[in-house]
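[1] quick one, what's the 3D model for this:
(chains A, B, C and D, ligands or ions: 2)
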Amino acid sequence: MSTKHGHYGEYGGQFVPETLMNELTKIETSYQEAKNDPEFQQEVHDLLNNYANRPSLLSYAKRMSDDLGGAQIYFKREDLNHTGAHKINNVIGQALLAKRMGKTRLIAETGAGQHGVATATIAALLGMECEIYMGKEDTERQKLNVYRIELLGAKVHPVTTGSMVLKDAVNAAMQAWTQRVDDTFYVLGSAVGPHPFPEMVHDFQSVISKEAKQQILAETGKLPDAVVACVGGGSNAIGSFAAFIDDSEVALIGCEAAGKGVDTKQTAATIERGSTGIFHGMKSKFMQNEDGQIDEVYSISAGLDYPGVGPEHSALADMHRAQYVGITDDEAVDAFEYIAKTEGIVAAIESSHAIAYVKKLAPTMRKDQVIICTISGRGDKDVASIAKYRGVDVDE
Amino acid sequence: MSTKHGHYGEYGGQFVPETLMNELTKIETSYQEAKNDPEFQQEVHDLLNNYANRPSLLSYAKRMSDDLGGAQIYFKREDLNHTGAHKINNVIGQALLAKRMGKTRLIAETGAGQHGVATATIAALLGMECEIYMGKEDTERQKLNVYRIELLGAKVHPVTTGSMVLKDAVNAAMQAWTQRVDDTFYVLGSAVGPHPFPEMVHDFQSVISKEAKQQILAETGKLPDAVVACVGGGSNAIGSFAAFIDDSEVALIGCEAAGKGVDTKQTAATIERGSTGIFHGMKSKFMQNEDGQIDEVYSISAGLDYPGVGPEHSALADMHRAQYVGITDDEAVDAFEYIAKTEGIVAAIESSHAIAYVKKLAPTMRKDQVIICTISGRGDKDVASIAKYRGVDVDE
Amino acid sequence: MSRISNAFKKEKAFIGFVVAGDPDLKVTVENVLALEDGGADLVEIGIPFSDPVADGPVIQDADQRALNQNVNTEDVFELVRLIREQSDIPLVFLTYANLVFKSGYETFCKKCVDLEVSGMIIPDLPYEEQDDLLVVMEQNDLDLIQLITPTSKERIPKLAKRARGFIYVVSSMGITGTRNEFKEDISQLTNEIKKYTTVPIAIGFGIHTPIQAVEMSHLADGIIVGSEIVRIAHEDSPQRLMTYIQEMKDAIS
Amino acid sequence: MSRISNAFKKEKAFIGFVVAGDPDLKVTVENVLALEDGGADLVEIGIPFSDPVADGPVIQDADQRALNQNVNTEDVFELVRLIREQSDIPLVFLTYANLVFKSGYETFCKKCVDLEVSGMIIPDLPYEEQDDLLVVMEQNDLDLIQLITPTSKERIPKLAKRARGFIYVVSSMGITGTRNEFKEDISQLTNEIKKYTTVPIAIGFGIHTPIQAVEMSHLADGIIVGSEIVRIAHEDSPQRLMTYIQEMKDAIS
Ligand SMILES: Cc1ncc(COP(=O)(O)O)c(C=O)c1O
Ligand SMILES: Cc1ncc(COP(=O)(O)O)c(C=O)c1O
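    Ligands and ions are numbered 1, 2, ... in the order given. Have a look, this model is predicted:
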């Protein structure tokens, strides 16, 4: 949707310390220039196509479509990107912008490690310094990803404040950025944060739906009836929706992590359960108590385990242009297993939230209707935790 | 190279129990028909392109080329295939052939699990039954991969005979096949075994070099000076060499796993250290004692930890058409770290053997010369063992 | 003229910061009174927030300790009421945008008026996002304290012109360069600000020793001490706090 | 006419199989003599191999046990020399292609002649791969035993025509279907083979009881027992082995 100085309806904005305001303005200006510079666009396009492995496939899920017996299902296969998720689309864009701005150093937050790995990857490729902020809880749960990030030449800072998870890593990265803006660019990992981040992430991820639109038109000759994607901060979802937002006949559905249930405390279904607030640089929907203290949230999926959501999604929800549904851990794990057995795809547990909704939606639709479901990432990283969830011992 | 009833010079053949001979003949006939059937070729092509994510990128390794200061290096990115390695090319071909022959059940051996996962994947996609034979040692070391295979709907048989590793898994799969050939196809995982397997695997994997040849001609206008690939059984190497074998100006180099050193007992450098023998259905080079008892071999890389090599490689070595070099664990681990930091690619430890040789070769070449190095797979599966190798604790 | 101006009327002002509810609400009352007794001219009451991004580790931890005791916004209002029973010292709230937003701007401002709290410092509410709140604050004659930092540069004129109460010159940049360079940078900054306003300037730059206090007080109308007070509040007694404030206040008087 | 033919001269032949070196070389000598004493007409000496793909678990384990004692091909030759000091029983080697190949076809065949071993059974050397070895074997008047299985089908004529010594009708297919169907299948198979050759036929189909032995002996010229002998050799004594052979031989006589 169109944005006016970073505002999406009542959401968005730049709620950051004064220290960062000039830097944000610089990024905004540089980004607007870059956006209109064919050379920059070409650079982004080159790395997307020759490094990240785009365009990603739009593949027909024949067995699943047959099995569910309703709409025809197509997968947008972001899991086939280099590093295994949509995250790379965004980091390529931001890192090239950083380079253009003369920065030599990237910092980023990470939860389970996905965005950290993506950022470290692009830093290695571009020969930039890289430091990753990661909650201490997460560094201990995900030692392997810490090592992976270090393998790529980046440094990992365990964050020991707050609940020591993703939101605290964002806090710490913001703080670190405040302390060193001159040579440093903060590569935000989702469609969140202060303007212009949600807009940049929207733009860099919209390659997903731009490709998908062309691909589905080539394949079926018409627009899809529905586009389904999972929503953490909302980057893969906004990327999947972007090119269809103006096509009002295309239903847009974001799948949030309902954890143990939308109505329980252990949930991360921000749009359904949260309320409007100001956090991490933006006005949007957040999981918070009545005072405005930010909640700790829960989902089996580390990538969806975030108490906020990008401002554009909050606005799309208010406008009823997109619909947001909660998917529980149980439903997501079932879907994870289902798509493995049916299509031979081990999809990320995040993406499995979208698949779970497609399992419900497709049978209610006609055979001549079409769903595009974004597989935001691959699930190799999740196999061990699914085994644990099922009570299978996979410790080596 | 051309093959006469499955013989490559003195190598190849069909050294299997009488029980299997008719089945092998049937496969041979069916495969020859299929090979000449545009419809079958189209089916293979469709799955390669719309499921496995081919063509794979040929990407210029700028930072590595600059750093080494010699030849220009291009990576053939098989790591970007669905399931993360070249193995999928072969299983697609064999599984479609099996289906064409009316089989409903696939069996396969696996070492660390790569080929097992690939076979289970394609079985899920085609709706076929699937059983995987895996040495008991390996099932215990790789519980996660066992679970992954099961997630995909296949059954894993732990093999308790012999040294309970890959070669024993091949033995067990062969035996199981002997006992049930009617509805069952044995999907062999490398360019080994009795005719027509080495030929089929050659053909199905040669998509690697067919693409690479076109890609490098489009990019540089000339043939590469060298093609480098790692050699376990030899499938990704033969696939990488195939389209260049008749171009005598292109050097072909296979990198074997030298483990702790070619001259130690703990090695798997079959062509350098082995001798001619008859095993697993073929005459080829094997690691064996003077009586002909097959050795247990060693490499840090599970995928290269095999006491034999495909017959075509033995022949190419004899003819001096290809050169085979040993790469130690140490060199491979260094290369694993090097390419991560330099290019942002976490490559398989198998592929890192090829990269290690490129590190030695490139500086001896001129800047106008070109090396193509096949990255046979991605290295996510190896991060933990590299950490262990470096003495870093990553247990969670 | 707001109560804040009184703080800057006499000599250089000393401004102290406490986290409401650390170590507990009762002691925070005592601490604020100790600050006043020690000579502080204005106190910033920090409302603890789950994610105080603009604060360093000492204050972050204090916020966390307060929240762990379930201190909520209502409790902080009650705390101020208790202070007001014994003291007239100028007060402002230091709080993050979300807490004010969730209270509702009207409600929160009314509460400030009731409690005779003169204004707010909101570290994550920069110039561009202040309009909605400012309308309500002005109606209630409350001061929104503007923060100006070494990175503000060409933003200084507009910030300075909007300033009311006092200007908080702050850096989250850590202390880089030598002490001398550092002083020069700040004097440049304060000189620049003074071009556009007569509102008093207070500096909060990680100050904790009397010597630092003296140096800083030469450049501005007041100094702000936060982390060191929070540390003493956590580790020591209101008595010790008072002595510390006395030393600091003496240094700048 | 080779020594093997003698085995089929009288009544139905009993052919036994041992793994050389299990439990050890000395006992294997005793076991072969016990087989002879029990009435066996021919003995297959299995040379242990690291990867006996055509064998079931019982024999695989026996091979492994022998190899764990470092029994090598030379040791097996020595073992046969010791047998030959006390016995004239017809012998063949059962071994995998690689062991013969690595010895060298000439060398291995010469050794067989020296040791009066009449032929070889090589489960992984099918018809198509036999030429090189056959040349040498024929020069040395050794018999390469052809294996024919239920899956051989249209291959039967050429296999039968090349057969020398005896034909080994074998299945690694496991026992499927009922006993009756099973018998019918085999009689069809043996009848088919008989169309093309007069070379005697021996059946090895996982036989281990006297009743099975009787049934099979009706269909062929001899029966082969492997796993059961190997099991007894591992678990029991040469005495017990002899008794077992006697029972089996009695049953088919
Ligand atoms: C595979 C995958 N999908 C989805 C997400 C959720 O992020 P977003 O909502 O920004 O797409 C993540 C975050 O780590 C992820 O790794
Ligand atoms: C990534 C990868 N590369 C290479 C190999 C070696 O096999 P081959 O020599 O058949 O290519 C393997 C085997 O598992 C593998 O997984």
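
[2] does the helix or strand harbouring residue A:229 reach ligand 1?
    Per DSSP states H and E, residue A:229 falls inside strand A:226-230. Yes - counting by Cβ under 6 Å from any ligand atom, ligand 1 is contacted by strand A:226-230 at residue A:230. For every residue, glycine as well, the C-beta is placed using N, CA and C.

[3] right, and the helix or strand after that strand?
    helix A:235-241.

[4] from residue A:87, how far off is the closest residue to residue A:152 other than its chain neighbours?
    In this structure, residue A:152 finds its nearest non-sequential neighbour in residue A:120, 3.8 Å apart by Cβ to Cβ, 6 or more residues apart in numbering or on different chains. Computed as Cβ to Cβ, to the nearest Å, the residue A:120 to residue A:87 distance reads 11 Å.

[5] between the two, tell me which one has more neighbours.
    The residue with more neighbours, out of residue A:120 and residue A:87, is residue A:120; 32 against 29, by other Cβ atoms under 10 Å in any protein chain shown.

[6] what's the separation between the more buried one and residue A:108?
    Residue A:120 is 8 Å from residue A:108, by Cβ to Cβ.

[7] which neighbours do those two have in common?
    Listed contacts common to residue A:120 and residue A:108 are A:130, A:132; contacts here mean Cβ atoms under 8 Å, 6 or more residues apart in numbering or on different chains.

[8] quick one: the strands in the stretch 151-253 of chain C?
    Secondary structure of the stretch 151-253 of chain C (DSSP state E, counting those that start in this stretch): strands at C:167-170, C:201-204, C:222-225.

[9] could you dump the ones you listed to a markdown table with mean neighbour count, distance to chain D and mean pLDDT?
    As requested, the strands of the stretch 151-253 of chain C are arranged in a markdown table below (neighbours: other Cβ atoms under 10 Å in any protein chain shown; distance: least, Cβ to the nearest Cβ, whole Å; pLDDT from 0 to 100):
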| stretch | mean neighbour count | distance to chain D | mean pLDDT |
| --- | --- | --- | --- |
| strand C:167-170 | 25 | 75 | 94 |
| strand C:201-204 | 24 | 77 | 95 |
| strand C:222-225 | 26 | 79 | 96 |
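
[10] okay if I get those strands as JSON lines plus distance to ligand 2?
    Output for the strands of the stretch 151-253 of chain C, formatted as JSON lines (distance: least, Cβ to the nearest ligand atom, whole Å):
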{"stretch": "strand C:167-170", "distance to ligand 2": "54"}
{"stretch": "strand C:201-204", "distance to ligand 2": "57"}
{"stretch": "strand C:222-225", "distance to ligand 2": "60"}
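
[11] a markdown table for the ones you listed, including distance to chain A?
    Output for the strands of the stretch 151-253 of chain C, formatted as a markdown table (distance: least, Cβ to the nearest Cβ, whole Å):
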| stretch | distance to chain A |
| --- | --- |
| strand C:167-170 | 8 |
| strand C:201-204 | 13 |
| strand C:222-225 | 15 |
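
[12] distance to residue B:298 for those - can I get that in a markdown table?
    Putting the strands of the stretch 151-253 of chain C into a markdown table (distance: least, Cβ to Cβ, whole Å) gives the following:
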| stretch | distance to residue B:298 |
| --- | --- |
| strand C:167-170 | 62 |
| strand C:201-204 | 64 |
| strand C:222-225 | 65 |
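
[13] quick one: which of these is nearest ligand 1?
    strand C:167-170 (32.2 Å; Cβ to the nearest ligand atom).

[14] how far out from the middle of the chain is the closest one?
    9 Å (Cα atoms, centre = their mean, to the nearest Å).

[15] which parts of chain A are strands?
    If DSSP state E is used as the criterion, the strands of chain A fall at A:7-8, A:11-15, A:58-60, A:72-77, A:105-110, A:129-135, A:155-159, A:184-186, A:226-230, A:251-259, A:275-279, A:281-286, A:322-328, A:370-375.

[16] turn those strands into CSV, including mean neighbour count and mean pLDDT.
    Listed next are these as CSV, based on neighbours: other Cβ atoms under 10 Å in any protein chain shown; pLDDT from 0 to 100:
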stretch, mean neighbour count, mean pLDDT
strand A:7-8, 22, 96
strand A:11-15, 26, 98
strand A:58-60, 20, 98
strand A:72-77, 26, 98
strand A:105-110, 26, 98
strand A:129-135, 25, 97
strand A:155-159, 19, 97
strand A:184-186, 23, 98
strand A:226-230, 30, 98
strand A:251-259, 26, 98
strand A:275-279, 22, 98
strand A:281-286, 28, 98
strand A:322-328, 22, 98
strand A:370-375, 28, 98
